[in-house]
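>>> Whatever this is, show me its structure:
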Amino acid sequence: MVQELVGAIVALLCVALVYTGMAARVVKQYERGVLFRLGRVAGEVRPPGLTLIIPFVDRLAKVNMQIVTLPIPAQEGITRDNVTVRVDAVVYFRVVDATSALIKVEDYKFAVSQMAQTSLRSIIGKSDLDDLLSNREQLNQGLELMIDSPAVGWGIQVDRVEIKDVSLPDTMKRSMARQAEADRERRARIINADAELQASKKLAEAAQQMSGTPAALQLRLLQTVMAVSAEKNSTLVLPIPVELLHFLERGNRPDTPPAEGAAHQPQEQPPKEITPQEAAPRITPEETTPNGDRAQAPDLNGAPGPEIGRHHLTPNPGGGPRPE
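Next up, the predicted model:
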């Protein structure tokens, strides 16, 4: 009798152990358990820890409450300014209501992925290329709002949406590169022009300052020569400004006044210029040819002049008219 009682107790213990093993469930810290009893939700969501269910009657579904990182495949679309781009993004979301995530949507991860792709295409069509490249924060907020609106009813909260990369066609990349190069060249020219303007003003002030003291110009020239000679050049081209020559000319002039005796000395008269008429030979009344004819007056160009006549020149003491 005792042996039968002990055997029954051992059998009951074994059944209890088997039942406990089949009914015991462990819910992890980052999970929540939803109990389905005969296909219907029974009771509250089971917290983390050890929980018991009725075997063959209850079914415990565990839902991960961690933040899920869901990459969105690259979506190709046309922007508002008619540029074809490929944009990919990533969505960070988590489940806040385990019961709704299991009941209201079949696969909440797949549903969030499809909603994210659709919203990304919509954002691409409503935005310009410059917005996709520069105003990503605003686009991320708009994309997050578009995904989060239907996901709230599924018991899912979207924490953040980030656009990872924007792929452009090669022709558009080259066009943007030329535009950026032209813009940088424009800014460089403006900076150089501004520098030239400032340098010209400073040089004008320096020239005005040196014009009052010519020695400063000479010192500046010597400094330039020293700076160039320090580079060990074989040839040195030294420009001499006209102002330096004027300065040296003024330095060579004597400062003492002339002596008193030198003031009374007559100044030398410059040679008088001789005109062609004065340089031509003159024929006096006494000059005659051997035949008794008058000589011909030469022309200024060396040609003989017209014949004066074949008359003898005789003195006329009376002063009357000469006989022909």
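>>> Doesn't residue 50 belong to a strand?
Yes: under DSSP: H, G, I helix; E, B strand; the rest coil, residue 50 falls within a strand.
>>> was I right about it contacting residue 25?
Yes: with contact defined as CB atoms under 8 Å, residue 50 counts as touching residue 25 (7.4 Å). (Each C-beta comes from the backbone N, C-alpha and C, glycine too.)
>>> and these two? which has more neighbours close in?
residue 25 (17 against 9; other CB atoms under 10 Å).
>>> Strands along the stretch 151-300 of the chain, start to end?
156-167 (DSSP state E, counting those that start in this stretch).
>>> can you give me the helices for it?
170-212, 214-229, 242-252, 260-264, 276-279 (DSSP state H, counting those that start in this stretch).
>>> Quick one: closest of the ones you listed to residue 4.
Among those, the nearest to residue 4 by CB to CB is helix 170-212 (89.5 Å).
>>> related to what we said a few turns ago, worst mean pLDDT among the helices of the stretch 151-300 of the chain?
Mean pLDDT is lowest for helix 260-264 among these, at a mean of 45.
>>> End to end on stretch 92-103, go ahead and measure it.
End-to-end span of stretch 92-103 (CA to CA, to the nearest Å): 21 Å.
>>> Show me the beta-bridge partners of the closest residue in space to residue 23 that isn't next to it in sequence.
Spatial nearest neighbour of residue 23, excluding adjacent residues (CB to CB, 6 or more residues apart in numbering): residue 52 at 4.7 Å. Applying DSSP bridges to residue 52 yields these beta-bridge partners: residue 24.
>>> Go ahead and confirm residue 52 touches residue 26.
No: with contact defined as CB under 8 Å, residue 52 does not reach residue 26; the gap is 10.7 Å.
>>> Find the residue ranges of the chain scoring beneath the pLDDT cut-off.
When residues are selected by pLDDT under 70, those of the chain lie in 1, 233-234, 236-241, 243-244, 247, 251-324.
>>> that older thread, most tightly packed of the helices of the stretch 151-300 of the chain?
helix 214-229 (a mean of 13; mean count of other CB atoms under 10 Å).
>>> quick one: strands adjacent to the host helix or strand of residue 70?
When elements are assigned from DSSP states H and E, residue 70 belongs to strand 68-78. Sheet pairing of strand 68-78 (DSSP bridges) gives strand 84-95 (antiparallel).
>>> thinking again about what came up before, just want the angle from the strand holding residue 70 to strand 156-167.
Strand 68-78 and strand 156-167 are oriented at 50 degrees to each other (axes from the mean of the first three to the mean of the last three CA atoms, to 10 degrees).
>>> mind listing what's buried in strand 68-78?
Residues of strand 68-78 classed as buried: 68, 70, 72, 74-75, 77 (neighbour count, 16 or more other CB atoms under 10 Å).
>>> what does that strand contact?
Around strand 68-78, the neighbours that count as contacts under CB atoms under 8 Å, 6 or more residues apart in numbering are 84-94, 109, 112-113, 116-117, 120-121, 124-125, 165, 167.
>>> give the contact list for the residue nearest in space to the middle of the chain.
Compute the mean C-alpha point of the chain, and by CA atoms, centre = their mean the closest residue is residue 184, 3.2 Å away. Not one residue lies near residue 184 by CB under 8 Å, 6+ apart.
>>> how near is it to residue 195?
To residue 195, residue 184 is 16 Å away according to CB to CB, to the nearest Å.
>>> likewise residue 39?
For residue 39, the distance to residue 195 - CB to CB - is 82 Å.
>>> just residue 160 next, same as before
On the measure of CB to CB, residue 160 and residue 195 end up 46 Å apart.
>>> repeat for residue 7
From residue 7 to residue 195 the distance is 107 Å (CB to CB).
>>> again with residue 226
Residue 226 is 26 Å from residue 195, where distance means CB to CB.
>>> Residue 178 now?
Taking CB to CB, one finds residue 178 at 26 Å from residue 195.
>>> circling back: could you give me the ChimeraX selection string for whichever of the contacts of strand 68-78 are buried?
To isolate the buried subset of the contacts of strand 68-78 in ChimeraX, counting by 16+ other CB under 10 Å, use the following:
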select :85,87,88,89,91,93,112,113,116,117,120,124
